[in-house]
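S.K.: quick one, what's the 3D model for this:
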Amino acid sequence: MKKSILALATCAAFAGSATAQSSVGMYGLLDMAAVRESGGAAGPITKLGSGVSAGSRLGFKGNEDVGGGLSALFLLESGFQADTGAMGQGGLLFGRQAYVGLQGAFGSVTIGRQYTPQYQTVAAADPFGSGTAGDSKNLMPATGNGTSRMDNAVKFASPSVGGVSGELAYAPGELAGSAAAGRQIGAALTYASGALRARLGYHHRNNDTATVKNLDPAKNAVLALTYDAGIAKAHFAYGSNKGVNSSPLRNTANPFGAAVAPQASVDSRDLMLGVSVPSGPHTALASYIRKDDRGARNQDASQFAVGYRYAVSKRTELYSVYARIENRRGAAYTVGNAIEVGTGDKALNLGIRHTF
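M.R.: Sure thing, here's the model as predicted:
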């Protein structure tokens with residue numbers, strides 16, 4: 001832990017000294033909220049959480065003109081819990097993102113730990129931004145090997161031409177004796193024109209390991225649309241998930257105490273409908289998500305969420321969100337938030353978020 005803190009301090013010192021002569025900079029986000037969860041077998045719980053609407057973080061980013069129309073870029077982003085000071089993402093120093101690359105007229109190529117194009121497709125369409133109790137991840141899968149992230153990833157992002165842009169990501173499994181085992185491939189195609197933004201995302205993950213072979217891969221595809229009419233913004237997403245690990249449960253500890261432990265779906269469809277209505281510093285939010293399990297157990301679920309945000313300033317906001325899930329035929333989906341998996345089928349958040 002002391003080494004991690006020392007490393008962060010060193011990076012901060014470097015950022016401060018380099019700002020005057022380059023574009024290196026530091027940024028961050030602090031999020032704290034009171035969280036009330038209920039409906040689980042262990043009973044209700046009230047707690048103070050960090051990273052409820054979005055993970056608290058400290059990051060460093062920059063770029064350098066290397067000539068010939070090219071520039072080098074990097075990003076290092078560390079997650080942490082502001083309520084305890086602990087490192088996030090399982091204690092990884094830069095567990096949120098860590099990559100370096102080149103960009104130019106051709107687009108950009110980055111290498112490192114990065115978000116999957118499929119996850120970014122869902123998050124961009126979610127009125128709750130993949131956070132708070134209304135988090136789409138409660139029912140819709142977060143792909144990758146690191147909860148929405150790919151390790152060892154090489155990602156190409158094209159420039160926008162006529163409103164169309166694309167992404168392609170590849171991550172080797174790095175297992176001896178097999179080039180396919182653990183391999184991940186992601187892609188996205190985006191179209192933006194005026195108030196309309198449409199995006200198609202895809203993720204393919206090979207589930208083979210060093211000892212287990214010929215497993216069905218996880219395949220996720222999602223179409224997301226948003227339309228900003230000014231007085232209100234409409235949100236839509238429809239996803240297809242097939243194969244082992246295509247739609248894992250967030251809480252795998254049998255949170256409702258079922259006699260038969262719940263199992264993750266290996267064939268499902270997801271539908272998300274949402275709306276956000278801004279009015280000055282106020283924004284009202286609502287969403288509905290349905291998980292249609294097409295497996296033998298037919299364990300469907302639906303989530304309803306409502307929320308409110310108040311912008312105190314450009315960088316500080318207060319928020320309140322309530323969500324509940326209706327599980328059917330033994331399904332065990334829980335209401336979590338941006339970084340927590342949840343313990344029950346209902347949750348209320350009252351929080352504050354500040355960016356810098």
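
S.K.: mind listing the strands for the stretch 251-356 of the chain?
M.R.: 265-279, 282-293, 301-311, 316-327, 346-355 (DSSP state E, counting those that start in this stretch).

S.K.: brain fart, the stretch 101-250 of the chain
M.R.: So, for the stretch 101-250 of the chain - with DSSP E, counting those that start in this stretch - the strands run 107-115, 149-157, 164-171, 184-193, 196-205, 218-228, 233-247.

S.K.: could you dump those strands into JSON lines with mean neighbour count added?
M.R.: Placement of C-beta: from N, CA and C, glycine included. Formatted as JSON lines, the strands of the stretch 101-250 of the chain follow (neighbours: other C-beta atoms under 10 Å):
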{"stretch": "strand 107-115", "mean neighbour count": "19"}
{"stretch": "strand 149-157", "mean neighbour count": "20"}
{"stretch": "strand 164-171", "mean neighbour count": "19"}
{"stretch": "strand 184-193", "mean neighbour count": "19"}
{"stretch": "strand 196-205", "mean neighbour count": "21"}
{"stretch": "strand 218-228", "mean neighbour count": "20"}
{"stretch": "strand 233-247", "mean neighbour count": "20"}
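
S.K.: can I get those in TSV with distance to residue 290 and mean pLDDT?
M.R.: Listed next are these as TSV, based on distance: least, C-beta to C-beta, whole Å; pLDDT from 0 to 100:
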stretch	distance to residue 290	mean pLDDT
strand 107-115	25	98
strand 149-157	26	98
strand 164-171	27	98
strand 184-193	23	98
strand 196-205	19	98
strand 218-228	14	98
strand 233-247	10	97
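
S.K.: can you put the ones you listed in a markdown table and add distance to residue 353?
M.R.: Converted to a markdown table, those look like this (distance: least, C-beta to C-beta, whole Å):
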| stretch | distance to residue 353 |
| --- | --- |
| strand 107-115 | 20 |
| strand 149-157 | 21 |
| strand 164-171 | 27 |
| strand 184-193 | 26 |
| strand 196-205 | 23 |
| strand 218-228 | 21 |
| strand 233-247 | 19 |
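
S.K.: which one of those lies closest to residue 37?
M.R.: Residue 37 lies closest to strand 233-247 among those, at 21.8 Å (C-beta to C-beta).
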